[in-house]
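sequence plus the predicted model coming up.
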Amino acid sequence: MKIRVVIAKPGLDGHDRGAKVIARALRDAGMEVIYTGLRQTPEQIVSAALQEDANVIGLSILSGAHMHICPRVMELLREQGLEDVLVVVGGIIPDVDVARLKEIGVAAVFLPGSPMQEIVDFIAANARPRFEAV
């Protein structure tokens, strides 16, 4: 089964080049990628993950809103019973916030300059399969 990844650009940030580069790298690695586009709310992101039966959510955040957006995404995932969805964040994240994001359940934070292969390898090693009830 292919790993299904929802890539999202939450908030008002309109720069999505990095998200598209990551999406391409994950596709090239054999993953199925659903890019939700710009200006997504946490509710839209979690809804997409639920509808797409995603194993992973990748959030690209350059706006500084990560300490508002990420806790809400994690809360909504818990409410929907999607605790098994791996959440990774990329973008401009101050070092001081990385530990806090991990405390709330974000699996990894990738800063600018992170090697693409590191991101691919992390997702491949940590994404959990999702099973439908029979």
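That came through, no problem. Numbering: from 1, shown residues only.

please report the distance of Arg4 from Gly58.
Noted for Arg4: a distance of 11 Å to Gly58, by CB to CB, to the nearest Å. From N, CA and C alone the C-beta is placed, and that goes for glycine too.

also Val88?
As judged by CB to CB, Val88 and Gly58 stand 5 Å apart.

any regions of the protein where pLDDT drops low?
The chain contains residues with pLDDT under 70 at 130-134.

so what are the sheet partners of the helix or strand containing Ile57 and their directions?
Taking DSSP states H and E as the definition, Ile57 sits inside strand 56-61. Paired with strand 56-61 in the same sheet, following DSSP bridges, are strand 4-8 (parallel), strand 86-91 (parallel).

most packed of the ones you listed?
strand 4-8 (a mean of 25; mean count of other CB atoms under 10 Å).

dump it to PDB, restricted to CA.
Provided in PDB are the C-alpha atoms of strand 4-8 (Å, rounded to 0.1, in the frame of the first residue of the first chain):
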ATOM      1  CA  ARG A   4      -0.800   8.800   1.300                       C
ATOM      2  CA  VAL A   5       0.400  12.300   2.200                       C
ATOM      3  CA  VAL A   6      -1.700  15.400   2.400                       C
ATOM      4  CA  ILE A   7       0.500  18.500   1.900                       C
ATOM      5  CA  ALA A   8      -1.200  21.700   3.100                       C
END
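
quick one: name whatever helix or strand follows it.
Following strand 4-8 in sequence order, the next helix or strand is helix 17-28 (DSSP H and E).

contacts for the next helix or strand after that next one next, please.
Sequence order places strand 32-35 as the next helix or strand after helix 17-28, per DSSP H and E. For strand 32-35, contacts defined as CB atoms under 8 Å, 6 or more residues apart in numbering pick out 2-8, 19-20, 23, 26-27, 48, 52, 54.

give the pairing partners of strand 32-35; include direction for each.
Counting by DSSP bridges, strand 32-35 is paired with strand 4-8 (parallel).

so the partner strand versus helix 17-28, what angle?
170 degrees (axes from the mean of the first three to the mean of the last three CA atoms, to 10 degrees).
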